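Novice: Provided below are the primary sequence and the corresponding predicted coordinates.
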Amino acid sequence: MGLVFQSTDLDEIQEFVSTGYASTRFKVRSQDQHKVRLIVNPLGPVSLDLADWRFEVDYAATPPGSLCLIGVESGTFPHVGTGGVEDSHGPGEVFLVAQPDRPFAGRLSHAHISYTMLEPALLSQVAGTAPGRIEAPVRLTSYRPISPAAGQQLLRTITFLRDHVATAPALRGAPLIASTATQLLAAMVLATFPHTALTDPTIEDRHDAHSATLRRAIGFIDDHAHRDISLADIAAATHVSIRALQYAFRRHRSTTPMGYLRQVRMHHAHQELVAADPTTGVTVTEIAARWGFFHPGHFAHYYRRAYGHPPSRTLLRHTR
């Protein structure tokens with residue numbers, strides 16, 4: 001569990017929220033005790049928090065500097081206002097409560113919520129282009145998901161990352177876990193909300209997507225698979241846009257750059273499993289995490305598909 005804050009003192013609550021999120025003013029609308037419990041779960045450049053508000057309150061906040069997503073597990077947001085858009089939200093919904101550079105205000109009532117904060121640069125790293133080919137950071141263009149189903153999928157991803165990655169010391173402390181998990185979260189946000197990123201390759205991108213581009217990208221990935229590298233890093237090292245990079249892998253390898261990176265990391269994890277001595281206490285989960293695989297079930301699935309048997313068999317083969 002992350003940092004836990006709880007209080008019944010309104011001034012103390014306001015100070016904590018203002019320090020950790022955005023400068024905020026509260027106006028209480030109910031006679032209930034001002035009880036709040038917040039659990040802060042940082043994971044690299046994101047925070048996957050939970051909040052339990054036991055009273056009804058109006059809020060007004062300054063620009064937060066980050067993308068702020070709220071998932072309503074219970075209770076309501078009967079009024080939300082930001083950027084001239086007025087809305088309301090109830091249980092099961094996820095919404096963008098604020099753009100990084102805009103103030104926001106509203107009302108929440110006896111709500112149990114997830115509060116997810118992302119650095120805006122994450123969206124550009126996942127969906128932007130190489131330096132020099134984009135005029136502005138990627139922005140979300142709607143405060144609501146493209147569909148309820150997309151919103152539910154995002155909420156499931158947030159819940160998994162919060163409950164099984166951000167709160168697990170062995171995973172959270174692995175060098176590649178935070179980057180892999182946060183890139184997944186950013187990709188899910190882009191798949192959930194309308195945005196400004198141009199994802200289809202341009203004529204120039206198609207021209208750049210030749211075999212030499214692929215060779216440079218593969219060389220960079222092979223040499224840096226043990227490091228925290230993103231799609232933007234690979235594109236920059238290859239001197240093409242992200243769209244050109246993706247198109248080159250699709251055209252010549254029928255995969256994606258990140259799919260190839262996963263294959264390389266899987267190979268290294270396999271080599272470690274082959275070399276490991278299980279009597280020392282080393283585990284499949286530990287090795288998988290070291291190579292950026294934070295979901296044991298997904299790792300086992302990919303491993304079985306690549307090597308024909310579960311990773312545990314490789315690790316324990318000399319003990320049987």
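Specialist: Noted; the coordinates are in hand.

Novice: mean confidence for stretch 236-250?
Specialist: In this model, stretch 236-250 has a mean pLDDT of 89.

Novice: Could you do stretch 122-138 as well?
Specialist: 64.

Novice: got the end-to-end distance for it?
Specialist: Start and end residues of stretch 122-138 are separated by 9 Å (Cα to Cα, to the nearest Å).

Novice: For the helix or strand bottoming out on mean pLDDT in the chain, buried residues please.
Specialist: None of the helices or strands of the chain scores lower by mean pLDDT, DSSP states H and E than helix 169-172, at a mean of 76. Buried residues in helix 169-172, counted by 16 or more other Cβ atoms under 10 Å: 171, 172. Heads up, the C-betas are built off the backbone N, CA and C, glycines and all.

Novice: Past it, which element shows up next along the chain?
Specialist: Using DSSP states H and E, the helix or strand that follows helix 169-172 towards the C-terminus is helix 175-192.

Novice: Now the helix or strand just after that next one: average pLDDT?
Specialist: With elements assigned by DSSP H and E, the helix or strand that comes after helix 175-192 is helix 203-208. Over the span of helix 203-208, the pLDDT mean works out to 82.

Novice: elements contacting helix 203-208?
Specialist: Helix 203-208 sits against helix 242-253, with contacts defined as 3 or more Cβ pairs under 8 Å, 6 or more residues apart in numbering; DSSP states H and E.

Novice: Residues contacting the helix it packs on, please?
Specialist: 127-130, 198-202, 204-206, 208-211, 213-214, 217, 231-232, 234-235, 238, 240, 255-257, 259-260 (Cβ atoms under 8 Å, 6 or more residues apart in numbering).

Novice: Show me which residues of the following helix or strand past it are buried.
Specialist: Scanning forward in sequence from helix 242-253 by DSSP H and E, the next helix or strand is helix 257-275. Across helix 257-275, burial judged by 16+ other Cβ under 10 Å covers 257, 258, 260, 261, 262, 264, 265, 266, 269, 270, 272, 273.

Novice: and what of stretch 39-55?
Specialist: Quick answer for stretch 39-55 (16+ other Cβ under 10 Å): 39-41, 43-55.

Novice: Repeat that for stretch 201-219.
Specialist: 201, 205, 208, 209, 213, 214, 216, 217, 218.

Novice: what does stretch 227-241 give?
Specialist: In stretch 227-241, counting by 16+ other Cβ under 10 Å, buried: 229, 230, 231, 232, 233, 234, 235, 236, 237, 238, 240, 241.

Novice: Repeat that for stretch 30-38.
Specialist: 34, 36, 38.

Novice: mind putting these in a markdown table, secondary structure, pLDDT and distance to residue 87 included?
Specialist: Shown next, in a markdown table, are the buried residues of stretch 30-38 (DSSP: H, G, I helix; E, B strand; the rest coil; pLDDT from 0 to 100; distance: Cβ to Cβ, whole Å):
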| residue | secondary structure | pLDDT | distance to residue 87 |
| --- | --- | --- | --- |
| 34 | coil | 84 | 25 |
| 36 | strand | 93 | 23 |
| 38 | strand | 95 | 23 |
